[in-house]
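J.: Mind looking at a prediction? Sequence and model below.
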Amino acid sequence: MPPLPGDTAHLAAQPRFPDPRRLSGLGETLVSLARSIDREDLDGVARRLTEAAADAIEVERASLWLFREDRSGIRCVDLFERSSGRHTSGLELEAKDYPTYFGALESERCIAAADAQTDRMTREFRDGYLLPLGIGAMLDAPVRVGSRIVGVVCQEHVGGGREWTPEERAFAGSLGDLVALAVEAGERRRAEEELRSSQEQLRHSQKMEAVGRLAGGVAHDFNNLTTAILGFGKLLAKELPPADPRRMFLDEILKAGERAAGLTRQLLIFTRKQVAQPSCLALNQVVERMQGLLKRLIGDDVQLDARLEPGLWQVRADAGHVEQILMNLAVNARDAMPDGGRLVIATANERLEAPQPGVPVGDWVTLAVEDSGAGMTDEVKARIFEPFFTTKPIGKGTGLGLSTVYGIVDQLGGSIAVRSKPGAGARFVVRFPRYTGTGSAAGVPAHEAAPRTGLETVLLVEDDPQVRVLAATILRSRGYDVREVAGAHQALRVLEAIGSEIRLVLTDVAMPQMSGSELGARVAHQFPGIPVLYMSGYSEGTIEGHEKLPRDLELVQKPFTEEELLRRVREKLDRRSERHA
Ligand SMILES: Nc1ncnc2c1ncn2[C@@H]1O[C@H](COP(=O)(O)OP(=O)(O)OP(=O)(O)O)[C@@H](O)[C@H]1O
Ligand SMILES: [Mg+2]
């Protein structure tokens, strides 16, 4: 044994020869610790380990420390003080403050400082640690996994110095080995867990891809079928005289055809066959604009909270698609809360430094939608993104909502995760990749980011059945409740019956019997709260009788695009609700 550094004259007398009873006591301690470490995580045995170590070699303080992730220092997992029986944890020591000691951990099997305050390897601790705590001697062993030091096991003698016997040093070294085994076992368990979860992830994405291919094929054929049904149906409608009683049947066929076309559109989004028009987006703005609509959607029993992170990073996405995501998640949340509850929509910036299942490292913008509803079982959770998977009664759900969301998110290079337990609500988190390209969101024309969806009841007045079907289909596909009539007189009858439900009158201008402008004037007089939006093939200056039109006349030019109609309707409705707010 090399001579110990420092003045050893005051060291407490220690037995020179191994005491067989003590020796077997130390061995038994190690064996029993090894057994419990085998069965439990390190966290579970840390307290037992420090207690057993302190008792076995009779020191006041025994502790276990592990290196922090970045290896810049160590953190105390557990410290046991024998006289008080107290456990504490959390203290941290920086490696740069104790270079000799941390260097020694790398090279020594055991740091046995009989006089810690003068020992070369431990005297760095004197003023800040040893003196205040009255520690005289230290017996520390590094925890070595392979060639890596992951922590240290410490025994500290309070009072004067203390000579450490070879058995005690061997014991400390073995303690370090035991902890190393536990750390290794934990790492192995975690690695297995990660492997299992990434295999699960892979299986899931393969399944979704296969389902997507199948659905894509079906949707493609379906699109052709519905195009034919609607195309020929409309041709036939033109042939039939307006009063023909068979018109009713044909209308039903056309309505069913439109629904089929709507479903096909959703499927095409899921299978990424629909063209997206991505632009640079401020997600918070989309959420803000949608709030009014979402509130009406979820009803009064559900409280809506929006927690939008200021300074949110930008994303690149199709505004319509983001609206669709919000709508679908919100509708699901509402369905899960038939007796009311709480819906939280939150946005946040997220910098991931370690990968998570299905989410690589990087900058993400998260959109979380959380409800306090019925929640779901693991079996349901495993299938929710499959197209046509629904737990809702026939006629209530088609099972396309979440698969559409999945398709959109996937197309954007993002991800979606869900956490839910039966009875404990559900939390969906959509991650969008951060967009750092040029083109500020503020530069996006307002209408591109504006929601084009709505739930309001719109009275559609149009004598041309084709235009009427077209306009009604476009509006219904975005959630609106549309009442269709072919002329102004009928429109007034509907208004008299259910005027309080109508939020907007959308009317053609040139119609037989009574023109749209006359209808507009009557509406302004009889139902002053209901705004009127006109559709016409004429330009604004040439409408006959335009002097009778209200001053805030607004015209949608025919032929209109889907986008144009939806935008104008939404704008008109929003301006009205702003005035009434
Ligand atoms: N917030 C939620 N809480 C509880 N269960 C949910 C929630 N969101 C989705 N689910 C479950 O996932 C299933 C699939 O949802 P998805 O939106 O794809 O279809 P759907 O809502 O049933 O029908 P659709 O959206 O086509 O009208 C739902 O039937 C429901 O069982
Ligand atoms: Mg749904």
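T.: Everything's here; your move. Ligands and ions are numbered 1, 2, ... in the order given.

J.: got the contact list for the residue of the chain found nearest ligand 2?
T.: Residue nearest to ligand 2 within the chain: residue 401 (2.6 Å; CB to the ion). Just so you know, the C-beta spots here come from the backbone N, C-alpha and C atoms, and that holds for glycine as well. Taking CB atoms under 8 Å, 6 or more residues apart in numbering, we find residue 401 in contact with 328-329, 331-332.

J.: and what of residue 113?
T.: 119, 121-122, 137-140.

J.: Can I get the buried part of those residues as one ChimeraX selection?
T.: In ChimeraX, this line selects whichever of those come out buried by 16 or more other CB atoms under 10 Å:
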select :119,121,122,137,138,139,140
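
J.: Packing partners of the longest helix along the chain?
T.: Taking DSSP state H as the criterion, the chain has its longest helix at helix 166-239. Secondary-structure packing of helix 166-239 (3 or more CB pairs under 8 Å, 6 or more residues apart in numbering; DSSP states H and E): helix 20-39, helix 42-56, strand 111-113, strand 135-145, strand 148-158, helix 247-270, helix 401-411, helix 465-477.

J.: winner for burial among those?
T.: Highest mean neighbour count of the helices and strands packed on helix 166-239: strand 111-113, a mean of 27 (counted as mean count of other CB atoms under 10 Å).

J.: Need the pLDDT of residue 419.
T.: We have a pLDDT of 95 for residue 419.

J.: Would you agree it is in contact with residue 376?
T.: No: the criterion here is CB atoms under 8 Å, and residue 419 misses it with residue 376 at 10.4 Å.

J.: Flag every residue of the protein that's near ligand 2.
T.: 332, 401 (CB under 5 Å from the ion).

J.: give me the low-pLDDT residue ranges for the stretch 1-150 of the chain?
T.: When residues are selected by pLDDT under 70, those of the stretch 1-150 of the chain lie in 1-21, 23, 38-40.

J.: at 90 instead, please
T.: 1-48, 69-70, 109, 146-147 (pLDDT under 90).

J.: cool, and the stretch 201-350 of the chain?
T.: 201-243, 248, 251-252, 254-281, 285-286, 288-300, 317-324, 327-328, 331.

J.: Among the contacts of residue 401, which one has the most neighbours?
T.: Among these, the one with the most neighbours (other CB atoms under 10 Å) is residue 329, at 26 neighbours.

J.: Enumerate every residue touching it.
T.: Neighbour list for residue 329: 369, 401, 405, 428, 430 [criterion: CB under 8 Å, 6+ apart].

J.: Leaving out the residues flanking it, which one is nearest to residue 452?
T.: Of all residues not flanking residue 452 in the chain, residue 566 sits nearest, at 3.6 Å (CB to CB, 6 or more residues apart in numbering).

J.: again with residue 261
T.: Nearest one to residue 261, counting by CB to CB, 6+ apart, is residue 226 at 4.4 Å.

J.: Which single residue of the stretch 151-300 of the chain ends up nearest ligand 1?
T.: residue 266 (7.6 Å; CB to the nearest ligand atom).

J.: Going by neighbour count, which residues of the host helix or strand of residue 556 are buried?
T.: Assessed by DSSP states H and E, residue 556 sits inside strand 555-557. Of the residues in strand 555-557, 555-556 count as buried by neighbour count, 16+ other CB under 10 Å.

J.: Can you tell me the strand partners of that strand and which way each runs?
T.: Within its sheet, strand 555-557 is paired with strand 532-536 (parallel), according to DSSP bridges.

J.: is it fair to say residue 566 lies in a strand?
T.: No: Residue 566 sits outside any strand when classified using DSSP: H, G, I helix; E, B strand; the rest coil, being helix.

J.: neighbours of it, just the number please.
T.: With other CB under 10 Å as criterion, residue 566 counts 23.
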